[in-house]
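**Q** Following is a predicted model, sequence given first.
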Amino acid sequence: MKKGGSKMKKLNLAVVLIVAVSLIISFSFAGIASKSPETNKLKQVVVNPTDPNSLKNDKTLEDKAIKNIAPGIKEIEEKGYVRVNNLNVRSMGSMKGKIISSLDKGREIYVYDEEDGWYYAEYAKDKKGWVYGKYVEFRKNPMPNDPELTKIEKNGYVTPISLNVRNLGSMKGKIIGSLKEGSRVYVFGVKDGWYYVEYVKGKKGWVSDMFIVFKDIDPVVELGLKEIEKTGYVTVNNLNLRSLGSMKGKVLMDLDKQTPLYVYGEKNGWYYVEFVEHAYGWVYSKYVSFKVSDPVKDLGLKRIEKLGTATVNNLNVRSLGSMKGEIYISIDKGERLYVFGEKNDWYYVQFFEDAYGWIYGKYMTFK
């Protein structure tokens, strides 16, 4: 009996071991099976940024690929609006990027990400590129919280010689600005015969709806010009911008060599130009070239070619690299500009798309 009992115990122990091993194997396979969907899920988001086929029809994958290519990118994911006319869309987030399109002021784009001051955005269906972030705004609350304000949201143009901008939509409103004939404004909405507008960068107010039209004023037709409509560059220093297309025209200001101008057309040897947004005049055509040039080389600058940041408020951008230069605009502390180079302690910068000038170098930093 002892021997038989001992054999029975050994047999029972063997059975128990076999069952235990079977359970362990079963649980192991069950665990692997339960993890397999997660494993598959992880495999689905592995992106090869050099393989365009891995990006097709999958926004999540496309975003991940972008981040793999540019790891320092900051996610935005928000609608933005172009603040200037002729904003270039480039193939990369740099002035060296190829221009692939151009956008008008007020154009709505979808901004995915930001890197080094540039936005990666969709500007048309299935079309994406890079735009300089300074010229895009995010309108959280662009209009007064007024249910009676009817939305318009498009560009308008001033028709009288001078138009007052007021802080209220009424003749009782305080005058806070003045606009010249032909000035372009962005009209957010209308109420009781008054338009709520952005009339210069970051400044808003009210103007009478009697003096705004929504059809672009075409100077080529109005002035009888031979059409050109492209960007040219001043080839000499101190080129006079005049009020008329003749030597009798009043000198509005002097333009520096390499100043870009948008040339609408020609008449009697003079070009009618826009030299900054909403600022127009005439220049003698002999001193304007349509060849793309290198300002660093042409102006004899010490090459910098990177973004700089203003360290003070009300920093003047001038037409010349000296205190004698006409003031184009003033910028605020923290604003970033693209600096081409330096000469005699002055930086030659881009302050709008196709608008350039000089800033005193002491008040810019590259940190």
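**A** Okay, I see it.

**Q** rest of the way, CA atoms for contacts and neighbours
**A** Will do.

**Q** Give the buried residues for the strand or helix carrying Leu179.
**A** Assigned by DSSP states H and E, Leu179 falls within strand 175-180. Neighbour-count burial for strand 175-180 flags 177, 179-180 (criterion: 16 or more other Cα atoms under 10 Å).

**Q** Kindly report the same for stretch 89-97.
**A** Buried-residue list, stretch 89-97, by 16+ other Cα under 10 Å: 89-95.

**Q** In JSON lines, list those residues along with pLDDT.
**A** JSON lines is the format used below for the buried residues of stretch 89-97 (pLDDT from 0 to 100):
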{"residue": "Val89", "pLDDT": "92"}
{"residue": "Arg90", "pLDDT": "91"}
{"residue": "Ser91", "pLDDT": "90"}
{"residue": "Met92", "pLDDT": "88"}
{"residue": "Gly93", "pLDDT": "87"}
{"residue": "Ser94", "pLDDT": "85"}
{"residue": "Met95", "pLDDT": "83"}
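
**Q** Output the below-cut-off pLDDT ranges for the stretch 201-350 of the chain.
**A** 201, 215-217, 276-279, 292-293 (pLDDT under 70).

**Q** And the strands in it, which stretches?
**A** 203-208, 212-213, 226-234, 239-242, 251-255, 260-267, 270-276, 279-284, 288-289, 302-310, 315-318, 327-331, 336-343, 346-352 (DSSP state E, counting those that start in this stretch).

**Q** Listing partners with orientation, what would you give for the strand holding Leu179?
**A** Strand pairing for strand 175-180, determined by DSSP bridges: strand 162-166 (antiparallel).

**Q** Off-centre distance for the strand it pairs with?
**A** Offset of strand 162-166 from its chain centre (Cα atoms, centre = their mean, to the nearest Å): 28 Å.

**Q** So which residues make contact with that strand?
**A** 173-181, 205-207, 211 (Cα atoms under 8 Å, 6 or more residues apart in numbering).

**Q** beta partners of Lys79?
**A** Tyr110.

**Q** count of residues packed around it?
**A** For Lys79, the count of nearby residues is 17 (other Cα atoms under 10 Å).

**Q** give the contact list for it.
**A** With Cα under 8 Å, 6+ apart, Lys79 has these contacts: 108-111, 138.

**Q** for the strands of the stretch 201-350 of the chain, which one sits closest to Glu122?
**A** With Cα to Cα as the criterion, Glu122 lies closest to strand 346-352 of the strands of the stretch 201-350 of the chain, at 21.1 Å.

**Q** Sheet-wise, list the partners of the closest one with their directions.
**A** In the sheet, strand 346-352 lines up against strand 336-343 (antiparallel), strand 355-360 (antiparallel) (DSSP bridges).

**Q** Only alpha carbons, please: show the last one as PDB.
**A** What it means is strand 355-360. Provided in PDB are the C-alpha atoms of strand 355-360 (Å, rounded to 0.1, in the frame of the first residue of the first chain):
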ATOM      1  CA  ALA A 355       9.200  96.900 -47.000                       C
ATOM      2  CA  TYR A 356      12.700  97.600 -45.700                       C
ATOM      3  CA  GLY A 357      14.500 100.200 -43.600                       C
ATOM      4  CA  TRP A 358      17.200 101.000 -41.000                       C
ATOM      5  CA  ILE A 359      17.300 100.600 -37.200                       C
ATOM      6  CA  TYR A 360      19.900 101.700 -34.800                       C
END
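
**Q** neighbouring contacts of it?
**A** 259-261, 275-276, 315-322, 328, 345-351.

**Q** any idea of the angle it forms with strand 270-276?
**A** 60 degrees (axes from the mean of the first three to the mean of the last three Cα atoms, to 10 degrees).
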